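Undergrad: Need coordinates for the following:
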Amino acid sequence: MSDARLAAHLAEIAGRILLDVRDSAVFEGKALGNAGDSTANEFLCHALRSARPDDGLLSEEEKDDTARCSLSRVWIVDPVDGTREYGEQRGDWAVHVGLAIDGVATVGAVALPGLDGGVVLSSDKIAALPAPAPKPRFLVSRSRPAKEAVAVAKAMDGELVSMGSAGAKAMAVVRGEAEIYLHSGGQYEWDSCAPVAVAAAHGLHCSRIDGSPIRYNMADPYLPDLLICRPAYADRVLELVADLD
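TA: The predicted model follows:
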């Protein structure tokens, strides 16, 4: 099985596991989020260590072993991206399975199990981007919209669209439900590795908000900002962000 097919396969199965945990009716709210995180993480980590024993692994739910930094290939996973949304039984949460090779998000799959029928987007199955909206739609957090996104959207006469997890937002751009995901409120590598791999494979612009490349498998996995957008908007968005400084 190729890396991309493995990522998609594991993300899909983890998504089904999470739905089973939710549908068990044993947990609710924060307890549901914790149970789902733990259960999906155990599956993903065991599966990746079995299928790719020579690769490194970084997961939000595992103690970090920085020995991974000496490896070329490192899997970066988030068992439940959007634990709050999952616990609230919303649809805007995701499962991330990404592979960074030499610091670049190269392979990835993002499962959106909460959508009708479940959806898995991957870096090896590319769909054409739908036509963009007349005015750019900016994806922002439900509770804490990034100030840069708010300011840039205003300058570009854009529309703000609130949504849950980072993966759900990034895949909304891939799916043509928005044009721009500009984030500056703090994230970690597992929040964006798989989404960036999928978005880049679909021809979207992916960078830090200063225009620099996004690097993965760093000793400190904190990765506070990113821009995923239609290429036609990238230069203007980066210019406006720079002007805010």
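
Undergrad: Please identify the helix or strand for the most centrally placed residue in the chain.
TA: For the chain, the residue nearest the mean C-alpha position is G167 (3.2 Å; C-alpha atoms, centre = their mean). G167 is located in helix 166-174, with elements delineated by DSSP states H and E.

Undergrad: Same question for A8.
TA: Assigned by DSSP H and E, A8 falls within helix 3-23.

Undergrad: Quick check: what element follows that helix along the chain?
TA: Note on helix 3-23: by DSSP H and E, the next helix or strand toward the C-terminus is helix 29-51.

Undergrad: Rounded mean pLDDT for that following helix, please.
TA: Averaged over helix 29-51, pLDDT sits at 95.

Undergrad: Who are the packing partners of that helix?
TA: helix 3-23, strand 56-59, strand 73-81, helix 83-87, strand 94-101 (3 or more C-beta pairs under 8 Å, 6 or more residues apart in numbering; DSSP states H and E). Heads up, the C-betas are built off the backbone N, CA and C, glycines and all.

Undergrad: tell me what the second one is packed against?
TA: Pointing back at strand 56-59 there. helix 29-51, strand 73-81, helix 189-201.

Undergrad: Now the last one: buried residues?
TA: Just to be clear, that refers to helix 189-201. Of all the residues in helix 189-201, those buried under the rule 16 or more other C-beta atoms under 10 Å are 189-201.

Undergrad: Leaving out the residues flanking it, which one is nearest to A127?
TA: Computed as C-beta to C-beta, 6 or more residues apart in numbering, the closest residue to A127 that is not its neighbour in sequence is H202, at 7.2 Å.

Undergrad: Would you check that the one you found makes contact with K125?
TA: No: the pair H202 and K125 does not pass the contact test of C-beta atoms under 8 Å, sitting 9.7 Å apart.

Undergrad: More neighbours: the two, which one.
TA: Legend: neighbour count by other C-beta atoms under 10 Å for H202 and K125, higher for H202 (20 against 14).

Undergrad: Let me see the backbone angles for the more buried one.
TA: According to degrees, to the nearest 10, the main-chain angles of H202 amount to phi -90, psi 10.

Undergrad: Next up, the contacts around it.
TA: The contact partners of H202, taken as C-beta atoms under 8 Å, 6 or more residues apart in numbering, are 126-127, 129, 174.

Undergrad: nearest to E62, of these?
TA: Closest approach to E62 among the contacts of H202 (C-beta to C-beta): V174, at 27.2 Å.
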